[in-house]
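# Okay, sequence plus prediction incoming.
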Amino acid sequence: MKEVLFPYGKEKLSYVFKEEELAGVLESSIHHYTSEKTGAELIKEAIEDPIGSARLADMAEGKKKIVIIASDHTRPVPSKLIMPLMLKEIRSKNPDAEITILIATGCHRDTTREELIGKFGKDIVENENIYVHNCDEREKLVNLGKLPSGGDCEINSIAYEADLLVSEGFIEPHFFAGFSGGRKSVLPGIAGRATVLANHCSEFIDDPKARTGILDGNPIHKDMLWAARTAKLQFIVNVVLNADKEVIFAAAGDPQAAHKAGTDFLSSLCGAKAVEADVVITTNGGYPLDQNVYQAVKGMTAGEATVKKGGVIIMLAASGDGIGGEHFYHQLADEPDITKTMSLFLSRGRLETVPDQWQTQILLRILMHARVIYISEMPDDMISKMHMTPAHSIEEALKIAKRMLNKDDIKIAAIPDGVSVIVEN
């Protein structure tokens, strides 16, 4: 017997597996990695000893407008640790700098004041200048030219007008950009909707290089890197987190060099060999990444990489914030034939992408490979309309899976955190 804990919202769901049914537990060894230093110490040391760059304090000296791009409410970035250290570093040699914290929402909804306080603390929210990016706020966008994909690269004018543009964030495996962090703070973080749509086109999403843990040859990464360079992002502070959302690694400095240090660290720890499994139980790592169905597609891709063709993926995501995208919902719910929707998406050119198409496309790809049982707090009928089967416990989901497969003797793979692992075939 083996007990496995699966993050679900702010809690953990437990399931005890029989030895004969457990095909394997696929998890990143990053969750067993320990550092002798605290998160604050790691971040402070990274800022004081940047990679491929001068210190942030020296870069800030003499600058008037300084913009710090910060992640939004959907990311577990420990901004309460990072932001005070960045502000202190900047002001150590430039106490009069006009600093704006620009929230990188991408195409997500606006981050609320309560969420900002939860992210930064009340002191920063009340005393610093914070602007929440809106990808549809046309009057705030500036065109930087053409992306390698051919789309217009439009970013928030606050970033464009900065004398010094820097960012904070975290690095984890990403299901189509390879890894999060670094250049991603610009695109999609502070980009216009049309720019994000061009980058997330069906051709690129379908590219076999647009997968978890792959940067070399990844066309989505290539666009993002170009946007960050052209926007003149000059300095980043990025961290790596364990399952408890604690900082175990930090890198600061040149956006490309510091990001590579983070991705190299992750790559050395995050790999897990695929196993043959009839059923895979996976998660989105709990709150805040499992707030909605939209984000939960990420964790499903880990299951996709190891489940047998025609098998079952059991996805655990509390989804307290709902679906996460109206377009995403209707693209799934309004057409009963998923192959028809996929064909429609693949027929669209790079500049014909519609909102949420990329997330729907990936979920459709998963559904064409395996059936999905979705454990959440969502209404059953909404999950059913999205071509998934609703459930409300692991036990219930496994009973449904056995019925779907028409057998009781099944092999199950457990992936406690589907967004932190790189499943290797």
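Thanks, I have the structure now.

# tell me the contacts of residue 66?
If a contact means Cβ atoms under 8 Å, 6 or more residues apart in numbering, then residue 66 has 60, 90, 94, 97-100, 162-164, 166 as its contacts. Where you see a C-beta, it was placed from the backbone N, CA and C, and this is true even at glycine.

# Can you name the residues that contact residue 267?
The contact partners of residue 267, taken as Cβ under 8 Å, 6+ apart, are 213, 422.

# Now it: which helix or strand?
helix 255-270 (DSSP states H and E).

# Which SSE is immediately downstream of that helix?
strand 271-273.

# name the helices or strands packed onto that following strand?
strand 422-424 (3 or more Cβ pairs under 8 Å, 6 or more residues apart in numbering; DSSP states H and E).

# what packs against the strand it packs on?
Against strand 422-424 (3+ Cβ pairs under 8 Å, 6+ apart) you get strand 271-273.

# What pairs with the strand it packs on, parallel or antiparallel?
Next to strand 271-273 in the sheet, as set by DSSP bridges, lie strand 422-424 (parallel).

# Just the buried positions in the strand it pairs with, please.
422-423 (16 or more other Cβ atoms under 10 Å).

# Touching it from outside, list them.
26, 28, 173, 212-213, 267, 270-274, 302, 305-306, 415.

# May I ask which of those comes out lowest in pLDDT?
Lowest in pLDDT among the contacts of strand 422-424 is residue 28, which has 88.

# Contacts only, for that residue.
269-272, 417, 420-422.

# looking at this, residue 41 is in a strand?
No. Assigned with DSSP: H, G, I helix; E, B strand; the rest coil, residue 41 falls outside any strand and is helix.

# From residue 48, how far out is it?
To residue 48, residue 41 is 11 Å away according to Cβ to Cβ, to the nearest Å.

# Give me the neighbour count for residue 1.
For residue 1, the neighbour count with other Cβ atoms under 10 Å is 7.

# repeat for residue 252
Residues lying near residue 252 (other Cβ under 10 Å) number 30.

# Contacts only, for it.
Counting by Cβ under 8 Å, 6+ apart, residue 252 makes contact with 43, 46-47, 49-51, 53, 56, 235-238, 258.

# would CSV of those residues with secondary structure, distance to residue 336 and pLDDT be doable?
Shown next, in CSV, are those (DSSP: H, G, I helix; E, B strand; the rest coil; distance: Cβ to Cβ, whole Å; pLDDT from 0 to 100):
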residue, secondary structure, distance to residue 336, pLDDT
43, helix, 50, 98
46, helix, 51, 98
47, helix, 53, 98
49, coil, 57, 98
50, coil, 54, 98
51, strand, 51, 98
53, coil, 53, 98
56, helix, 54, 98
235, strand, 50, 98
236, strand, 45, 98
237, strand, 47, 98
238, strand, 43, 98
258, helix, 47, 98
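
# My read is that residue 22 contacts residue 281, right?
No. With contact defined as Cβ atoms under 8 Å, residue 22 does not reach residue 281; the gap is 10.3 Å.

# Mutual contacts of these two, please.
412-414.

# Can you select the buried ones from those residues in PyMOL?
The PyMOL selection below is limited to those of those classed as buried (16+ other Cβ under 10 Å):
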select buried, resi 412+413+414
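
# Of the shared contacts of residue 22 and residue 281, just say which sits nearest to residue 247.
Distance to residue 247 across these (Cβ to Cβ) is lowest for residue 414, with 25.9 Å.

# Quick check: the closest one is in a helix.
No. Using three-state DSSP, the assignment for residue 414 is strand, not a helix.

# circling back to that earlier point, which of the shared contacts of residue 22 and residue 281 sits closest to residue 345?
Using Cβ to Cβ, those come closest to residue 345 at residue 413, 28.6 Å.

# For burial, what's the neighbour tally of residue 23?
Residue 23: 20 neighbours (other Cβ under 10 Å).

# In which helix or strand does it reside?
Using DSSP H and E, residue 23 maps to strand 22-25.

# That strand - which strands sit beside it in the sheet, and in what orientation?
Paired neighbours of strand 22-25 in the sheet (DSSP bridges): strand 412-415 (parallel).

# Which residues outside the strand it pairs with are in contact with it?
4, 6, 15, 17, 21-27, 275, 277-283, 299, 302-303, 306-307, 398, 421, 423.

# Flag every buried residue along the helix holding residue 267.
Applying 16+ other Cβ under 10 Å to helix 255-270 flags 255-256, 258-263, 265-266, 269-270 as buried.

# quick one: contacts for the residue lying closest to residue 142 once chain neighbours are set aside?
Excluding the flanking residues, the one nearest residue 142 by Cβ to Cβ, 6 or more residues apart in numbering is residue 160, at 4.3 Å. By Cβ under 8 Å, 6+ apart, residue 160 lies in contact with 142, 144, 231.

# Map the structural domains onto the sequence of the chain.
2-26+274-424, 39-269 (automatic domain parsing).
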